[in-house]
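Peer 1: quick one: sequence plus predicted model below, questions after.
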Protein chains: 2
Amino acid sequence: MNLIAKAALITMAVSGMAQAATWQPLPETAPAPANNPTTKAKTELGKILFFDPRFSSTGTVSCNSCHNLMEGGDDSRAVSMGVHGKTGNRNAPTVWNAAFHSVQFWDGRANTLEDQAKGPVTNPIEMGMKDLESAMARVRQIPGYKDLFTKAFGSDKPMTIDNAAKAVAAFERTLITPNSAYDRYVKGDKKAMSKQQIRGMNTFAKTGCTACHSGPAFNGPKMPLGQGFYAKFPTFTDNAYVSKYKLLEDKGRMEATGKSADKHQFRVPTLRNITDTAPYFHNGSVKDLDEAVRVMAKTQLNKNLSKQEVDDIVAFLGALSGEYPQLTLPRLPATPGTTILAD
Amino acid sequence: MNLIAKAALITMAVSGMAQAATWQPLPETAPAPANNPTTKAKTELGKILFFDPRFSSTGTVSCNSCHNLMEGGDDSRAVSMGVHGKTGNRNAPTVWNAAFHSVQFWDGRANTLEDQAKGPVTNPIEMGMKDLESAMARVRQIPGYKDLFTKAFGSDKPMTIDNAAKAVAAFERTLITPNSAYDRYVKGDKKAMSKQQIRGMNTFAKTGCTACHSGPAFNGPKMPLGQGFYAKFPTFTDNAYVSKYKLLEDKGRMEATGKSADKHQFRVPTLRNITDTAPYFHNGSVKDLDEAVRVMAKTQLNKNLSKQEVDDIVAFLGALSGEYPQLTLPRLPATPGTTILAD
């Protein structure tokens, strides 16, 4: 690590501590881009598309397969399993509160939820469609989708991949989990968090975690859409965790940009509902949250935390679990008397 | 085919026609066995278990993966895809109205829904768990399940595989789709079915389909639980369909019993919601419902239907689509700060 980077880190850590006084609750609504205002017709279509596995080559993988809304918005696995049992090398980020990220994917390779939604469809180890047009050809073969697209986007050729992505993104902007113990605490209910959680909150700030994990979603300061907030992980490499958890294998954002300046840079993930999204890190290599806290403190801040400090921070992180909205199971439009899946 | 079997078939066909006058609507509740009365606590637990993928070896396959309640209770595929992308040789039967089958699986190898629920968990090409005890070990590792099992089964060691199966079966007994156009028609609303559907209903009976597809679920006469109603498929083999759709490859119930008398015997499936469960037959070899009707008429009754007859029967079968109950998405109990899935 060079000195400039270290100096920058220290500055960030200091400003992080200063931010300790500006704890912010999670907004209950997410901003939408000007070209895709959130409407009920869009979120309803987007929800159905999100759960429909027929846009994967095998017909077995939907968005919800890896971003399971019945749990923490991910899949409990180190790395996800796509079509034909294929696996990649990155852990599925939670879709809950993804609307509060200014870029998407671990490496920030999509600027918006709209762009992100198109990625997994054609990824050969995820949904495995040949191209986006093949996916849309399937959508068009399912009679019930026509009305849903028309309601959401009007009657002038509404069934496009861009509109499908807009609908999914609009739905995802509703996937917010407000009213955590932490949110109630910072809004004034001083009994909402336990003593240990309050102690952990202070330890979290004092240790310097807020240097990166700041803001209402604990994923950094507010950035313009498309401009990510990244951190080098690992920053400090002279420790046993780096090889134990294979932390230098993935080049991070450099895999997307090819630039050496982006080597090992990752988008700072949200800590909201973190107790529901094990295992941890971009490669899912750490199974337990207490170990994840130890690894972060050592690799990012070069600090060795005591057991008490770790336990307190973990307790505080538990206070970031919000209320999951109750969703109804969508009904996927039928293809009466036939199937669109090849044998 | 021997003469006795042919004679039996003719008798059945005749009695089937006689039954044409006894069209029956679908009951709105399903009977439960004496040792597993349906309770709200059980159906709630069973629903969560039904949707929880963590009881498959990879953590990717739940009951709902192949018996998708967002559509026809199956998966639109010829044969299902289990863990690691493995496939078998049978088409997933719909779970909707499965409570009205007196035996389960295409070959009737489970007498009850309770027995059936245990099958896929350890099937290496479905959920792939080493044994049922391994699956229960996972259930016990998830804190939230303890309360759910206690509420459903009392506090005396409730977390057993038998109770898990009972809960899933109790939930499945609620998966009923009443009020189809056909049901409303036979209850007296003579406008509920179109003219073509009424014509198709008569053609269906006249052709002899009701020899096997009788009763409220169109899966045969009421039988004691555990005693299946089977038919030999194909019965007439001197036609092109047999090789085209590989109808003699699967030995049917003989695969389960080893008895040659059971060769090519299959449980008669329900026709409820049949337009939502393509592709068709035990091997999913026929993609379209009109072709399935032609194949059935030829292989089971040695009849060649006209296009009009096929179209009318297909229209009638469309009248068997009932109302799917609206379900809420269950919340799967968490394992706070950790995962139970091995890497």
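Peer 2: On my side now, so go ahead.

Peer 1: domain parsing for chain A?
Peer 2: Chain A breaks down into these domains under automatic domain parsing: A:3-28+A:178-318, A:40-172.

Peer 1: the shortest one: end-to-end distance?
Peer 2: By C-alpha to C-alpha, to the nearest Å, the extent of domain A:40-172 from end to end equals 12 Å.

Peer 1: tell me the most buried of the domains of chain A?
Peer 2: Highest mean neighbour count of these: domain A:40-172, a mean of 20 (counted as mean count of other C-beta atoms under 10 Å in any protein chain shown). Placement of C-beta: from N, CA and C, glycine included.

Peer 1: quick one on the thing from earlier: closest to residue B:54 out of the domains of chain A?
Peer 2: Smallest distance to residue B:54 across those (C-beta to C-beta): 6.4 Å, for domain A:40-172.

Peer 1: gap between the closest one and the chain center?
Peer 2: Taking C-alpha atoms, centre = their mean, to the nearest Å, one finds domain A:40-172 lying 14 Å from the centre of the chain it belongs to.

Peer 1: where exactly do the helices run in chain A?
Peer 2: All helices of chain A, identified by DSSP state H, fall at A:3-18, A:40-51, A:63-66, A:113-122, A:132-141, A:144-153, A:161-172, A:181-186, A:195-207, A:241-244, A:253-257, A:289-301, A:307-318.

Peer 1: report all helices and strands that the fourth one contacts.
Peer 2: What it means is helix A:113-122. When contacts are defined as 3 or more C-beta pairs under 8 Å, 6 or more residues apart in numbering or on different chains; DSSP states H and E, helix A:113-122 sits against helix A:63-66, helix A:132-141, helix A:161-172.

Peer 1: make a markdown table from those and add distance to chain B and mean pLDDT to it.
Peer 2: Shown next, in a markdown table, are the helices and strands packed on helix A:113-122 (distance: least, C-beta to the nearest C-beta, whole Å; pLDDT from 0 to 100):
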| stretch | distance to chain B | mean pLDDT |
| --- | --- | --- |
| helix A:63-66 | 7 | 98 |
| helix A:132-141 | 11 | 97 |
| helix A:161-172 | 13 | 98 |
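
Peer 1: pull up the residues of the stretch 1-150 of chain A that are close to chain B.
Peer 2: Selection of the stretch 1-150 of chain A residues close to chain B by C-beta under 8 Å from any C-beta of the partner chain yields A:51-54, A:58-60, A:65, A:68-72, A:75-78, A:81, A:83-86.

Peer 1: so what's the residue nearest to residue A:118 when sequence neighbours are not counted up against?
Peer 2: Take residue A:118 and drop its neighbours on the chain: the residue closest to it by C-beta to C-beta, 6 or more residues apart in numbering or on different chains is residue A:165, 5.2 Å away. Shown in contact with residue A:165 (C-beta atoms under 8 Å, 6 or more residues apart in numbering or on different chains): A:114-115, A:117-118.

Peer 1: nearest to chain B among the residues you listed?
Peer 2: residue A:117 (18.9 Å; C-beta to the nearest C-beta).

Peer 1: need the helix or strand of chain A with the lowest average pLDDT.
Peer 2: Counting by mean pLDDT, DSSP states H and E, chain A has its least confident helix or strand at helix A:3-18, which shows a mean of 41.

Peer 1: adding distance to residue A:337, write the helices of chain A out as CSV.
Peer 2: Output for those, formatted as CSV (distance: least, C-beta to C-beta, whole Å):
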stretch, distance to residue A:337
helix A:3-18, 60
helix A:40-51, 20
helix A:63-66, 26
helix A:113-122, 26
helix A:132-141, 13
helix A:144-153, 14
helix A:161-172, 25
helix A:181-186, 49
helix A:195-207, 56
helix A:241-244, 55
helix A:253-257, 44
helix A:289-301, 49
helix A:307-318, 50
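
Peer 1: nearest to residue A:333, of those helices?
Peer 2: Comparing the helices of chain A under C-beta to C-beta, the one sitting nearest is helix A:144-153, at 2.5 Å.

Peer 1: starting at the chain centroid, how far to stretch A:310-324?
Peer 2: The answer for stretch A:310-324 is 17 Å, by C-alpha atoms, centre = their mean.

Peer 1: output it in PDB with nothing but the alpha carbons.
Peer 2: Extracted in PDB, the C-alpha atoms of stretch A:310-324 (Å, rounded to 0.1, in the frame of the first residue of the first chain):
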ATOM      1  CA  VAL A 310     -16.300  -7.700  18.500                       C
ATOM      2  CA  ASP A 311     -19.300  -8.900  20.500                       C
ATOM      3  CA  ASP A 312     -20.500  -5.400  20.900                       C
ATOM      4  CA  ILE A 313     -20.200  -4.500  17.300                       C
ATOM      5  CA  VAL A 314     -22.000  -7.700  16.300                       C
ATOM      6  CA  ALA A 315     -24.800  -6.800  18.700                       C
ATOM      7  CA  PHE A 316     -25.000  -3.300  17.100                       C
ATOM      8  CA  LEU A 317     -25.100  -4.800  13.600                       C
ATOM      9  CA  GLY A 318     -28.100  -6.900  14.800                       C
ATOM     10  CA  ALA A 319     -29.900  -3.600  15.400                       C
ATOM     11  CA  LEU A 320     -29.600  -2.800  11.700                       C
ATOM     12  CA  SER A 321     -32.200  -5.500  10.900                       C
ATOM     13  CA  GLY A 322     -35.300  -3.800   9.700                       C
ATOM     14  CA  GLU A 323     -38.900  -4.800   8.900                       C
ATOM     15  CA  TYR A 324     -39.300  -6.800   5.700                       C
END
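
Peer 1: so what touches it?
Peer 2: So stretch A:310-324 is contacted by A:26, A:69, A:96, A:176-183, A:185, A:192-194, A:196-201, A:203-204, A:207, A:209, A:218, A:271-276, A:289-290, A:293-294, A:305, B:331, B:336-337 (C-beta under 8 Å, 6+ apart).

Peer 1: stretch A:77-93 too?
Peer 2: Residues contacting stretch A:77-93 (C-beta under 8 Å, 6+ apart): A:56-58, A:60-61, A:65-67, A:74-75, A:105-106, A:120, A:123-128, A:249-250, A:269, A:279-285, B:58-60, B:83-86, B:339, B:341, B:343.

Peer 1: now stretch A:239-249, how far from the chain's geometric center?
Peer 2: A distance of 23 Å separates the centroid of the chain from that of stretch A:239-249, by C-alpha atoms, centre = their mean.

Peer 1: just checking it against chain B, any contact.
Peer 2: No - judged by C-beta under 8 Å from any C-beta, stretch A:239-249 stays clear of chain B, getting no closer than 11.3 Å.

Peer 1: now the terminal residues of that stretch, how far apart.
Peer 2: 15 Å.

Peer 1: what does it contact?
Peer 2: Stretch A:239-249 has contacts (C-beta under 8 Å, 6+ apart) with A:89, A:233-234, A:237, A:264, A:281, A:283, A:285-286, A:294-295, A:298-299.

Peer 1: would you confirm that residue A:339 contacts residue B:278?
Peer 2: Yes - the pair residue A:339 / residue B:278 is scored as a contact, 4.2 Å apart, by C-beta atoms under 8 Å.

Peer 1: identify the contacts common to these two.
Peer 2: Common neighbours of residue A:339 and residue B:278 are listed as B:76, B:287 (criterion: C-beta under 8 Å, 6+ apart).

Peer 1: show me how far stretch A:239-254 is from its chain's centre.
Peer 2: 20 Å.

Peer 1: now do it, average pLDDT.
Peer 2: In this model, stretch A:239-254 has a mean pLDDT of 98.

Peer 1: also stretch A:75-85?
Peer 2: 96.

Peer 1: mind exporting that stretch as PDB, just the C-alpha atoms?
Peer 2: What follows is stretch A:75-85, C-alpha atoms only, in PDB (Å, rounded to 0.1, in the frame of the first residue of the first chain):
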ATOM      1  CA  ASP A  75     -29.100 -17.200  -0.900                       C
ATOM      2  CA  SER A  76     -27.100 -18.200   2.100                       C
ATOM      3  CA  ARG A  77     -24.400 -19.600  -0.200                       C
ATOM      4  CA  ALA A  78     -20.700 -18.500  -0.500                       C
ATOM      5  CA  VAL A  79     -21.200 -18.000  -4.200                       C
ATOM      6  CA  SER A  80     -24.500 -18.400  -6.100                       C
ATOM      7  CA  MET A  81     -25.500 -21.400  -8.200                       C
ATOM      8  CA  GLY A  82     -26.900 -20.700 -11.600                       C
ATOM      9  CA  VAL A  83     -28.200 -22.800 -14.500                       C
ATOM     10  CA  HIS A  84     -26.900 -26.400 -14.700                       C
ATOM     11  CA  GLY A  85     -25.400 -26.000 -11.200                       C
END
